[in-house]
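Engineer: Next come a sequence and a model predicted from it.
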Amino acid sequence: DTAVSQTPKYLVTQMGNDKSIKCEQNLGHDTMYWYKQDSKKFLKIMFSYNNKELIINETVPNRFSPKSPDKAHLNLHINSLELGDSAVYFCASSTGQGNTEAFFGQGTRLTVV
Amino acid sequence: EDQVTQSPEALRLQEGESSSLNCSYTVSGLRGLFWYRQDPGKGPEFLFTLYSAGEEKEKERLKATLTKKESFLHITAPKPEDSATYLCAVPPRGGSQGNLIFGKGTKLSVKP
């Protein structure tokens, strides 16, 4: 069983559309994250979320919003997509306790045309 | 500002040729330094966590070490399957757990 799974793996869409990426983890972790990896392969945190707190990286446009129906899922909604949103988006999870490592999904490659 | 810098950006080795990758960081009150491996088209895969200066961890041909300012990932007698991008990351000062600042990575290519 995949520990952190994302769907879809690839997403091609037109500018202005609204899209969602789904993420599920079966590790029983309390905290989930969304990271963005740009064309230069630089990985940056977008959000961290547990059942108590959402922390947003201040550089993330408000067109991006995480939605968590339960502890095992954290979906990413993107409104009014722009060309610059093209990137690979990674979901991750951790226990959120102490200095523990994060486990990553396989990524969703988003291409906005 | 908390920062992670990795060098070199790219490293080409012959199979069996040992070398080291560097990760330097500027964050006060280090709460762990993480090494990940990323293969093309995949998510980062966790390798090691180091918490204090002098600590070392090993896994197969990889050994990670930590000082107060930097970490090294030593690769002994690498094989082609060790080819990947190696990422170093630290939690920012005051950041939530798992919220990591990543370096830009070192792309390692090992030729047979």
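Structural biologist: Thanks, I have it. Residues are numbered from 1 along each chain as shown, chains lettered A, B, ... in the order given.

Engineer: going forward, measure contacts between C-alpha atoms and count neighbours the same way
Structural biologist: Fine.

Engineer: Give me the pLDDT for A:Glu58.
Structural biologist: The model reports A:Glu58 with a pLDDT of 73.

Engineer: Can you pull the residues of chain B lying near chain A?
Structural biologist: B:31-32, B:34, B:41-46, B:49, B:96-105 (Cα under 8 Å from any Cα of the partner chain).

Engineer: dump the residue contacts of residue 44.
Structural biologist: The chain I'm using is chain A. Going by Cα atoms under 8 Å, 6 or more residues apart in numbering or on different chains, A:Lys44 touches A:35-37, B:100-102.

Engineer: You answered for a different chain; I wanted chain B.
Structural biologist: B:Pro44 neighbours (Cα under 8 Å, 6+ apart): A:103-104, B:36-38, B:87.

Engineer: thinking again about what came up before, list just the nearest of the contacts of A:Lys44 to B:Lys63.
Structural biologist: B:Phe102 (19.2 Å; Cα to Cα).

Engineer: Would you tell me what helix or strand the closest residue to the closest one other than its chain neighbours is located in?
Structural biologist: Counting by Cα to Cα, 6 or more residues apart in numbering or on different chains, B:Phe102 lies nearest to B:Ala89, which is 4.2 Å off, once chain neighbours are set aside. Assigned by DSSP states H and E, B:Ala89 belongs to strand B:84-90.

Engineer: Sheet-wise, list the partners of that strand with their directions.
Structural biologist: strand B:33-38 (antiparallel), strand B:101-102 (antiparallel), strand B:106-111 (antiparallel) (DSSP bridges).

Engineer: Show me what that strand is in contact with.
Structural biologist: Contacts of strand B:84-90 (Cα under 8 Å, 6+ apart): B:4, B:6, B:23, B:25, B:30-40, B:44, B:100-109.

Engineer: Check which helices and strands the helix or strand of chain A with the lowest mean pLDDT is in contact with.
Structural biologist: None of the helices or strands of chain A scores lower by mean pLDDT, DSSP states H and E than strand A:54-56, at a mean of 78. The contact analysis (3 or more Cα pairs under 8 Å, 6 or more residues apart in numbering or on different chains; DSSP states H and E) places strand A:54-56 against strand A:43-49.

Engineer: ok, and for the strand it packs on, which residues are buried?
Structural biologist: Residues of strand A:43-49 classed as buried: A:43-49 (neighbour count, 16 or more other Cα atoms under 10 Å in any protein chain shown).

Engineer: With only the CA atoms kept, save it in PDB.
Structural biologist: This file holds the C-alpha atoms of strand A:43-49, laid out as PDB (Å, rounded to 0.1, in the frame of the first residue of the first chain):
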ATOM      1  CA  LEU A  43      11.000  22.500  -3.300                       C
ATOM      2  CA  LYS A  44       9.100  25.000  -1.200                       C
ATOM      3  CA  ILE A  45       6.400  24.600   1.500                       C
ATOM      4  CA  MET A  46       3.000  25.900   0.700                       C
ATOM      5  CA  PHE A  47       0.800  24.800   3.600                       C
ATOM      6  CA  SER A  48       1.000  22.700   6.700                       C
ATOM      7  CA  TYR A  49      -2.100  21.500   8.400                       C
END
